[in-house]
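Peer 1: 3D, please:
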Amino acid sequence: MIRIEDIVKSYGTRRILDGLTIEFAAGQVTAIVGSSGAGKSTLLRSIDFLDRPDSGRIVIGDLTVDARTAKQPEVLELRRRTAMVFQQFQLFSRKTALENVAEGLRVVRGFERRDAEREARQHLAAVGLSAHEHQYPSQLSGGQQQRVGIARALAMEPDVLLLDEPTSALDPELVGEVLATIRGIADTGQTMIIVSHEMHFVRQVAGRIILLDRGRIVDDAAPEAFFSAEAQGRTREFLREYHLARGTPDYQI
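Peer 2: The predicted structure is shown next:
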């Protein structure tokens, strides 16, 4: 179980997250959606203290981390239980795919080089990249780079996998391979929280959708209800804005 309790985050005088409380069940895939500036990525980064909240608590299993009082050992333990997949991949440009995945195994989990590389190969195989382990990021497509990032995150064996706009930096024809990878991971029971502005992607992978608006939750629904023609209020308005921006009719989601 992962729970965030009364999370507040501000930048200067602007409050981005306004006392959010959400519980995520183990094995659930949750998508966080909303308009630009709603607080989606800030929420994700607050969960593992990449952006430390001003106040509130993060609870993962038997670990509770209070934003006001947490010391570095608690923060490090929190980060051991989470893993982030970034929008822009964030791979080491001078390391091969294998070395990128093995790095965290050696530095964070304390594996010897040979053991780290053996484990890294297994994770690369799981995302379909066994044939590319000796290639550098510049030799990989965007979709392949993102799959290396996913393999690297999964190698940490996190309680929760955090994905921040995992398809937004990809050309449209490459989105499918990352979508298939994430759906495969979901089938293993991995808990995931995904921030995305791509509604087709969200509908395909998420079992639960949370809509943020100005740092607050305005909808929390299963995909069938969220995308229903009967959706009302801010959800309906959000979907209308989404379609207007892309010039697409509702039925294309």
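Peer 1: show me where the chain has helices.
Peer 2: 40-47, 72-80, 97-107, 113-126, 142-154, 172-187, 199-205, 223-226, 233-246 (DSSP state H).
Peer 1: Grab the nearest non-local neighbour of residue 54.
Peer 2: residue 8 (4.9 Å; CB to CB, 6 or more residues apart in numbering). To be clear about C-beta, it is placed using only N, CA and C from the backbone, and glycine gets the same treatment.
Peer 1: re earlier: from the helices of the chain, which stretch is densest packed?
Peer 2: helix 142-154 (a mean of 25; mean count of other CB atoms under 10 Å).
Peer 1: so that helix versus helix 97-107, what angle?
Peer 2: Interaxial angle, helix 142-154 versus helix 97-107 (axes from the mean of the first three to the mean of the last three CA atoms, to 10 degrees): 20 degrees.
Peer 1: Give me the contacts around helix 142-154.
Peer 2: 83-86, 89-91, 97, 100-101, 103-104, 120, 123-124, 126-129, 132, 137, 140, 161, 163, 166-167, 169-171, 174-175, 177-178, 181-182, 185, 190 (CB atoms under 8 Å, 6 or more residues apart in numbering).
Peer 1: what sits against the closest residue to residue 222 other than its chain neighbours?
Peer 2: Nearest residue to residue 222, sequence neighbours excluded (CB to CB, 6+ apart): residue 208, at 6.3 Å. By CB under 8 Å, 6+ apart, the contact set of residue 208 is 28, 29, 30, 31, 220, 221, 222, 223.
Peer 1: Which of these sits closest to residue 48?
Peer 2: residue 30 (15.3 Å; CB to CB).
Peer 1: Could you tell me the least trusted of the helices of the chain?
Peer 2: Least confidently modelled of the helices of the chain is helix 233-246, at a mean of 84 by mean pLDDT.
Peer 1: what comes into contact with it?
Peer 2: So helix 233-246 is contacted by 33-35, 197, 199, 211, 213, 218-219, 221, 226-227, 231, 249-250, 253 (CB under 8 Å, 6+ apart).
Peer 1: ditto for stretch 100-116
Peer 2: 80, 91-92, 95, 117, 119-120, 123-124, 137, 148, 151-152, 155-156.
Peer 1: Go through those and say which is closest to residue 63.
Peer 2: Closest approach between the contacts of stretch 100-116 and residue 63, by CB to CB: residue 80, at 9.4 Å.
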